[in-house]
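*Asks:* Got a predicted structure here, sequence first:
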Amino acid sequence: MERSAALHTCHPCRRTIPYRTYAVIHTCGIISLMYHHAHSLATADTTLMTTSLLLISDVVLAFMWATTTCLRFNPVHRTEYPDKYVVVKRKEDFPKLDVFICTADPYKEPPMMVVNTALSVMAYDYPSDKISVYVSDDGGSSLTLFALTEAAKFSEHWFTFCKKNNVEDRSPEVYFSSKSQYWTDGAENLKTMYEDMKKRVEHVVHSSKVDTRHDHPTIIKVLQNNETEIMPNLIYVSREKSKSTPHHFKAGALNTLLRVSSVMTNSPVVLTLDCDMYSNNPRTPLHALCYLSDPKINYRLGFVQFPQKFRGLNKNDIYASELRRSFVINMVGFDGLMGPTYAGTGCFFNRRAFYGPPTNPKITSGLGFVQFPQRFQGINRNDIYASELIHPFAINMVGYDGLMGPIHVGTGCFFNRRVFYGPPANLILPELDELAPTRIADKPITAQSVLALAHVVAGCNYEHNTNWGSKIGFRYGSLVEDYYTGFMLHCEGWRSVFCRPERAAFYGSSPRCLTDVVWQQMRWSIGLLEMAFSTYSPFIYGFKSLGLVTGLSYCYYVVWPFCSIPLTVYGVLPQIALIYGVRVFPKPSDQWFWLYIFLSLGAYAQDLTDFLLEGGTCRKWWNDQRMWLIRGLSSFFFGMIEFTLKTLNLSTPGFNVTSKADGDDEQKKRYEQEIFDFGPSSLFLPLTIVSLLNLFAFVWGLYRLFAWGEGLSLELMLASFAVVNSLPIYEAMVLRNDDGKLQKGVCFLAGILTFVLIVAGYFFLK
Ligand SMILES: O=c1ccn([C@@H]2O[C@H](COP(=O)(O)OP(=O)(O)O[C@H]3O[C@H](CO)[C@@H](O)[C@H](O)[C@H]3O)[C@@H](O)[C@H]2O)c(=O)[nH]1
Ligand SMILES: [Mn+2]
């Protein structure tokens, strides 16, 4: 117990107390604001419509604030000590590890990227024969298979080299493109070998025009196998696809891997990775095991999540692709509650977590049997042969009874028939015994029977009428399968841990142009809305299962799409009012004016503090807050529309894989120079309208301020804030001439619609 306690420690953050104090003050502010709205509704000094819109917006904003406050309730930082793990555990006792890598499209996800990710984890500082890497290819592409076959040939040279020279960068691409002074013996030779392989693979990718297939049988290929030599297993899996059967995108792919790996290796620890997330730290599994092997917590520890980090972002991260709030700040907040959310990649699972709620060893619900004592007739007076067996049949029974209950003695026992069919509650057994999480997989993975069964469980109709996707495995029903699955595990009682080794565990890639960012986040918002309106909505089911604080924290993401409501209202209404000289906010002489100032400055300042305390910079924060405004008026806005269409059966949004391939040189250059890359997309229409409207209102407001000497108003302050944020948009409309500028058609249409909006506002406000 003591030794395991030393494997990891947890410290509350110092900001907790000041944050809680501030939360009380801010809450009072919000209550007063609500009172103010209620009062104006009753006295109707502005139009009813205006006040209601502002009230709805403020309710959404207040709710969002409440969710972030829960995430600030008990933030913690953890440290783990992998060196101690290596000392206390013998190498033979390290658990086996199954790694799942997902890929879906050889053009958006270049096969060489998949190869590097696979090689980087196969080369972990971990007993090689205990690692099995499963690559799921939803594209069913021969290109990916070819690339992995090449990788298998190269792998042995690569591992020997890494282990001999203690190389830290175990993705060959990263290592060979790093500075030459780190290079050691044999590096040049190996580099030539790597470059040859890369050329072969890329040549095949460029010269063939194979489409990704949506209709094909299961393909499972064991590309490398640890029975022949001490090497990690490498297995290529492309599940069966048929156009008439739903395949549930990534969640479906992961469930197939869960089953195939169950049949083949059934390791107790499972690592899930997206194909772009290569390992940057060879000791990562040891960090995860510091938690997963601790008997004090592991019976209910579902997963250990590592942060998502990205390589090659521009200096100030103009698209806020780091997602520092989601991937760091909030994770630290969740970690002090039930644990971080599952982020879809970079996560070590306890395989048992996919099969129903945890079983607490101390409380076994359900009585299995009632044992009566064994008594004997006709024993002589002093029982010379001690046939009464007082110790086993009486004294010890009383002792056992105070623990888990008496042992079964073969006779005089009443059973609950249910006990003969598996453990009391919780563990949900799958339909095949071979898939049970506790089974020991002891047959060679190349055995005919093993491969045959693996093909069966990868079939597209296999899941029909089973618990897969509902009670077992990754959950179906939302495009954010990661967030949804993590949520369901937490509701079942599983915990998780956020693990941040000093040397980043993984690096991935992130979208490089605004259109891709917007598409990605639109998929997320549709997924979040699917959750919000499902049976297991965090709004209702979450509170019931997780309690108020964790439940509210989970709502943080689910309200994302809804924030397009306040953004639209605050981006349009006060500005039109400013143009017509109507007040929607209190005057500076009014006490309520200061309440608005306090609440907005307070919320922004706290957001900035969070950012700085978790390693961000002011410039990055500024870009991050700007992205909120952009998302609200693009991704979230259209996400809401798309979801509504889906609900009405007018559209079927799918999982549009984010491109991880490099753009053209011009685009790369713009990204490096931090110039916004809008590109030809009409998704930016609402955004452009709002920026134009704000510019117009701002100029008009300034004119009134100076020409007519009107006082400074909240409306004018709001418009100027929007104008400063919109500078790159104005630039992209008029000053630029490259491919990343805003389309002429969009600008023109936006101009017309802005005019219509202003005219319509006249009838609305006057
Ligand atoms: O039908 C599919 C679609 C996608 N993928 C894989 O899923 C992963 C994630 O897809 P990506 O396009 O990179 O999505 P992102 O938006 O970048 O990913 C974030 O959001 C997803 C949920 O929307 C999570 O699954 C991811 O882990 C998380 O990083 C990739 O490896 C894909 O190959 C599949 O295997 N099958
Ligand atoms: Mn991704």
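*Replies:* Happy to help now that I have it. Because the structure is a prediction, the values reported are computed rather than measured. Residues are numbered from 1 along each chain as shown. Ligands and ions are numbered 1, 2, ... in the order given.
*Asks:* C-alpha only now, for contacts and for neighbours.
*Replies:* Will do.
*Asks:* Near ligand 1, which residues of the chain are found?
*Replies:* With CA under 6 Å from any ligand atom as the criterion, the chain meets ligand 1 at residues 102-104, 138, 249-250, 253, 274-275, 343-345, 479-482, 520, 524, 655, 657-658.
*Asks:* Return the subset of the residues you listed lying in strands.
*Replies:* If you go by DSSP state E, the residues of the chain next to ligand 1 have 102-103, 274 in strands.
*Asks:* how close does Asp137 get to Val657?
*Replies:* To Val657, Asp137 is 13 Å away according to CA to CA, to the nearest Å.
*Asks:* And the residues of the chain next to ligand 1, which of them are buried?
*Replies:* For the residues of the chain next to ligand 1, a burial check counting by 16 or more other CA atoms under 10 Å picks out 102-104, 138, 249-250, 253, 274-275, 343-345, 479-482, 520, 524, 657-658.
*Asks:* Can you check the pLDDT for the residue in the stretch 301-450 of the chain that ligand 1 sits nearest to?
*Replies:* Among all residues of the stretch 301-450 of the chain, Gly344 sits closest to ligand 1, at 3.2 Å; criterion: CA to the nearest ligand atom. Gly344 carries a pLDDT value of 96.
*Asks:* list the contacts for it?
*Replies:* Applying CA atoms under 8 Å, 6 or more residues apart in numbering to Gly344 gives the contacts 272-274, 481-483.
*Asks:* before we move on, back to that, please enumerate the shared neighbours of Asp137 and Val657.
*Replies:* Applying CA under 8 Å, 6+ apart, one finds that Asp137 and Val657 are jointly contacted by 104-105.
*Asks:* in the stretch 51-200 of the chain, which spans are strands?
*Replies:* Remark: strands assigned in the stretch 51-200 of the chain by DSSP state E, counting those that start in this stretch are 76-80, 97-103, 131-137.
*Asks:* Just give me the neighbour total for the closest residue to Trp519 other than its chain neighbours.
*Replies:* Leaving out its chain neighbours, the residue that sits closest to Trp519 by CA to CA, 6 or more residues apart in numbering is Ser635, at 6.7 Å. Using other CA atoms under 10 Å, Ser635 has 27 other residues around it.
*Asks:* can you check Leu143 too?
*Replies:* Using other CA under 10 Å, Leu143 has 23 neighbouring residues.
*Asks:* Surely it is in contact with Tyr107?
*Replies:* No - Leu143 lies out of contact with Tyr107 (CA atoms under 8 Å); the separation is 9.7 Å.
*Asks:* Next, give phi and psi for the residue nearest to Trp519.
*Replies:* With angles defined as degrees, to the nearest 10, Ser635 sits at phi -60, psi -50.
*Asks:* Could you report the separation of it from Asn316?
*Replies:* Taking CA to CA as the measure, Ser635 falls 22 Å from Asn316.
*Asks:* ok, longest helix in this protein?
*Replies:* In the chain, taking DSSP state H as the definition, the longest helix is helix 16-43.
*Asks:* got the angle for that helix vs strand 76-80?
*Replies:* Compare the direction of helix 16-43 with that of strand 76-80 by axes from the mean of the first three to the mean of the last three CA atoms, to 10 degrees and you get 150 degrees.
*Asks:* Now do helix 16-43: which elements does it pack against?
*Replies:* helix 48-71, helix 591-613 (3 or more CA pairs under 8 Å, 6 or more residues apart in numbering; DSSP states H and E).
*Asks:* Among the strands of the stretch 51-200 of the chain, which comes closest to Asp738?
*Replies:* In terms of CA to CA, the element of the strands of the stretch 51-200 of the chain nearest to Asp738 is strand 97-103, at 32.6 Å.
*Asks:* mind saving the C-alpha coords of the closest one as PDB?
*Replies:* The C-alpha coordinates for strand 97-103 follow below in PDB (Å, rounded to 0.1, in the frame of the first residue of the first chain):
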ATOM      1  CA  LEU A  97      -0.600  -3.600 -23.900                       C
ATOM      2  CA  ASP A  98      -2.800  -3.400 -27.000                       C
ATOM      3  CA  VAL A  99      -2.500  -0.200 -29.100                       C
ATOM      4  CA  PHE A 100      -5.300   0.900 -31.400                       C
ATOM      5  CA  ILE A 101      -4.600   3.300 -34.300                       C
ATOM      6  CA  CYS A 102      -7.400   4.500 -36.400                       C
ATOM      7  CA  THR A 103      -7.200   5.700 -40.000                       C
END
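*Asks:* pLDDT averaged over that strand - what is it?
*Replies:* Strand 97-103 comes out at a mean pLDDT of 98.
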